[in-house]
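# sequence-free structure coming up:
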């Protein structure tokens, strides 16, 4: 049985990684079996690649803060999935290319401290406004000169 994300956040890093790999392999929510292949990395290392419909159009429900359109965005369920499993409340979530702030908004909604940067000053302004009133008390945003 896979522990819930809240329990995983407090587990040692190797246990969290093992649990994440198991959860990806066992995923069958939309009726498809996950295919796991290994591709050659640098040197003698291999990298596991998981293929399935992990994030689909069936998962559009999200917090209203994500409703602003942006050309390079992704569904908030993607960063939420990893934030829940690989961090715990109070940890720092950093996004070096924050765009409209999907990852940072999810981090803030989950009680993480957030930091990010972007070359577009409008993105810094938008993320700052979108994270007001969330569960985080620490927001650090940088605009790259």
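Sure, I can see it. Note that this is a predicted model, so its numbers are computed, not measured. Residues are numbered from 1 along each chain as shown.
# where exactly do the strands run in this protein?
35-40, 46-51, 92-95, 113-118, 139-143 (DSSP state E).
# Tell me the strands beside the second one, with direction?
Going back to what we said before, that points to strand 46-51. Sheet pairing here is set by DSSP bridges, and for strand 46-51 it gives strand 35-40 (antiparallel).
# and the closest residue to residue 79 other than its chain neighbours, what does it touch?
With Cβ to Cβ, 6 or more residues apart in numbering as the criterion, residue 79 has its nearest non-adjacent residue at 4.0 Å, and that residue is residue 103. Every C-beta, even on glycine, is put in place using the N, C-alpha and C of the backbone. Shown in contact with residue 103 (Cβ atoms under 8 Å, 6 or more residues apart in numbering): 79, 83, 93, 95, 116.
# check contacts around the most centrally placed residue in the chain.
Central residue of the chain (Cα atoms, centre = their mean): residue 79, 1.5 Å from the mean position. By Cβ under 8 Å, 6+ apart, the residues touching residue 79 are 102, 103, 106, 107.
# Tell me which two in these are the farthest apart.
Checked with Cβ to Cβ, the contacts of residue 79 reach their widest spread between 102 and 107, with 9.7 Å between them.
# Tell me how this structure divides into domains.
When the chain is parsed into structural domains using automatic domain parsing, the resulting residue ranges are 1-54, 57-145.
# and among these, the most buried is which?
With neighbours defined by mean count of other Cβ atoms under 10 Å, none of the domains of the chain is more surrounded on average than domain 57-145, at a mean of 16.
# all helices for this structure, in order.
Counting by DSSP state H, residue ranges of the helices within the chain are 5-8, 13-26, 77-86, 102-109, 121-130.
# list the contacts for residue 82?
Per Cβ under 8 Å, 6+ apart, neighbours of residue 82: none.
# could you measure it against residue 99, distance?
Note on residue 82: its distance to residue 99, by Cβ to Cβ, to the nearest Å, is 17 Å.
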